[in-house]
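Participant: please work out how this folds:
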Amino acid sequence: MKVRSLLVGIFAIALIFSSCNDGADVPDELATWYAEVARINSDLAAAGITATKDPESGISMIITKLGTGLPAQLNYTINVDYVGRRYDDKVVFDEGTINDVLSKYIEGWKVAFSKLPEGSEAKLIIPSLYGYRTQGNGPKIPGNTILEFDVKFNKATMSSAEAAKLDTDTTAIDEYLAGKGIDAIEDTTGIRYVITAAGSGAPATWFSKISMKYSIKLLTDDTKTLVSVERQPSDTYFSRPVDYIQGMKIGLQKLSIGSKAVFYIPSTYAFGKESVSDPNAGVTIPANSNIIVEVEILNIQ
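Facilitator: Below is the predicted model of the structure:
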């Protein structure tokens, strides 16, 4: 999996996966992608349809029901009812229910189900680069076919190993907080947080555009700030809670304009088993690190 620079997108899920990188940047495929995204956007605008868009992949999600659970991660097992169609002629090429690990599916599903919260229902429109690309998939899906899926996202389940790690992480965080005498709110997901300044107005939602400042420390060394970043709504890829790691997806939705908070995030909801580094800044977050994130919300659109 491609991991972005810490200073560019410390909390981003890396959505261009290795299989998509293998030849994905050739000019013809990129030109096709640009043309397809422009056509999808034009069609939706002409029909007066408001879609939630992923700016990195060009995927459009027409959400009819927004769930309340967490989005999936690549190694989560997802249960989804679906109908798949060719976008251009609406011919159904597949339908049914799947119950398997997200990483096994097309890139467009990896993107969409890492953004949609569990319990959502939506129509996904996926450019061919994030579907079956130039090679297609059998007679029903020729090369360069834009895909359309009606999906009901029933369940996202982490593995038993991850669940056990989450318990271990949470215990470590609780012990840290007790040792420091910090009275933190215990969220049912496993994150802990302290709101140090109350904000005003409605809290952020999954797809709100926010401007904020945040910094990161390791739970094992809270004396050193590893990263300090300011984000604006104009930042193409990192302007919404849903664009960040799971712990921030959860935490940011508890805050409104002017809020300040400290989040204690288990590694399972941070960067998991991957280490993340920025050689230019000399910064590394080791694998399996519980992290401390201090956040200030400047504005919410």
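
Participant: give me the number of residues near residue 38?
Facilitator: By other C-beta atoms under 10 Å, 11 other residues sit near residue 38. For every residue, glycine as well, the C-beta is placed using N, CA and C.

Participant: quick check: residue 92 touching residue 141?
Facilitator: No - using C-beta atoms under 8 Å, residue 92 is not in contact with residue 141, being 11.3 Å away.

Participant: who has more neighbours, those two?
Facilitator: residue 141 (19 against 12).

Participant: burial count for residue 183?
Facilitator: Neighbour tally, residue 183, other C-beta under 10 Å: 8.

Participant: could you measure from it over to residue 265?
Facilitator: Remark: distance between residue 183 and residue 265 (C-beta to C-beta, to the nearest Å) = 18 Å.

Participant: what do you get for residue 31?
Facilitator: Distance, residue 31 to residue 265, by C-beta to C-beta: 40 Å.

Participant: and those two? which has more neighbours close in?
Facilitator: residue 265 (28 against 10).

Participant: ok, and the closest non-adjacent residue to residue 241?
Facilitator: residue 252 (4.0 Å; C-beta to C-beta, 6 or more residues apart in numbering).

Participant: quick one, phi/psi of that neighbour?
Facilitator: Backbone torsions of residue 252, given as degrees, to the nearest 10, read phi -60, psi -30.

Participant: can you pull the contacts of the nearest residue to residue 121 once chain neighbours are set aside?
Facilitator: Leaving out its chain neighbours, the residue that sits closest to residue 121 by C-beta to C-beta, 6+ apart is residue 65, at 4.0 Å. Residue 65 makes contact with 119-122, according to C-beta atoms under 8 Å, 6 or more residues apart in numbering.

Participant: may I have the phi/psi pair for residue 65?
Facilitator: phi -150, psi 120.
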